[in-house]
Structure formats: structure tokens, C-alpha cells
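Trainee: sequence and predicted structure, then a few things I'm wondering about:
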Amino acid sequence: MQSDIERFRQEQSDRDLAERLRSAELVVMGKVAAIRPSDIPRGATEHDPEWYEADIQVTAVLKGSDTTHTVRILFPASRDVMWYDAPKFEKGAEGMWLLRPLAIAGRRLAHLTAPQRGDFRPTAEEPRIRRLLQQK
């Protein structure tokens, strides 16, 4: 019975991840080469995300058609309750990013973001990510 429960949990986790992968515009593997504060103006609320930029040196594109060697993304550096679970990046971090467009006040910006905890994955999950991307 324990193995049935574990299998069910893994299948549910795979379904959730597959949905995140389907909705991602770009999925890349790489390493954070640089971070810096973004020039996006600070918000007027206490829940301001404090946007930072990260330059990702891309080693593989798993989904999407980006042909550049570097992708610049935005991430909320704020530790506010609204942004607490959002991935925060540091120079040298390696992994896979499930990226989607960023919209602020209903306007799509040129930057991509990985706004939820599951949008940044360890490199050890590459076989799982590739398997789920092939299932579509």
C-alpha cells in the first residue's frame, strides 16, 4: 500500500510539473552569470516585489526557440509574504528555469520570469523534465 501511495504522489507531482512546462514559453538549463537591481520602478504598495535581473548563461534550451547564449530574466528579490516562495537567485546558481512572460498592470514586458517555486528546478531533474516535455 505504501508503494501505491508513493506512486500516486509521484504521478500527481508529474502532472503538476507537466502543466507548468506546458504553460512555459521557454525552458532553459544554465547558470546565473550576473544579478543586479532592475530599472523597473518600485511599486507604491508594501508588497513591492523589488525586481532584480539575472543573466542566465544558457547551456541547453529544452523548450522554445531562443538561440541566444544568455537570457535575462526578472525575479522578485522581496522577502514579503506575497513573494516569499518566489525563487531568488544568486550568481553561480545552476539549474533549469521554466520561464513565462511578465505582465505588470496588464502590460506584457519584454522580460521573462520564473515566478513560482516550481519554476526553478535542479539540474538533476533534467531527465524528468525532458521526459515530461516529450509527453505533451
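Mentor: Great, that's in hand.
Trainee: buried stuff in the lengthiest helix in the chain?
Mentor: Under DSSP state H, the helix in the chain containing the largest number of residues is helix 2-23. Neighbour-count burial for helix 2-23, counted by 16 or more other Cβ atoms under 10 Å, picks out 17-18, 20-21. Glycine gets a C-beta too; all of them are placed from N, C-alpha and C.
Trainee: make JSON lines out of these and add distance to residue 86 and pLDDT.
Mentor: Formatted as JSON lines, the buried residues of helix 2-23 follow (distance: Cβ to Cβ, whole Å; pLDDT from 0 to 100):
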{"residue": "17", "distance to residue 86": "17", "pLDDT": "94"}
{"residue": "18", "distance to residue 86": "21", "pLDDT": "94"}
{"residue": "20", "distance to residue 86": "14", "pLDDT": "93"}
{"residue": "21", "distance to residue 86": "18", "pLDDT": "96"}
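Trainee: how about these, which pair is most distant?
Mentor: 18 and 20 (7.4 Å; Cβ to Cβ).
Trainee: quick revisit: by contact count, what packs against the longest helix of the chain?
Mentor: On a contact count with 3 or more Cβ pairs under 8 Å, 6 or more residues apart in numbering; DSSP states H and E, helix 2-23 meets strand 94-104, helix 126-135.
Trainee: any idea which helix or strand in this structure has the lowest mean pLDDT?
Mentor: Within the chain, no helix or strand scores below strand 107-113, which has a mean of 85 by mean pLDDT, DSSP states H and E.
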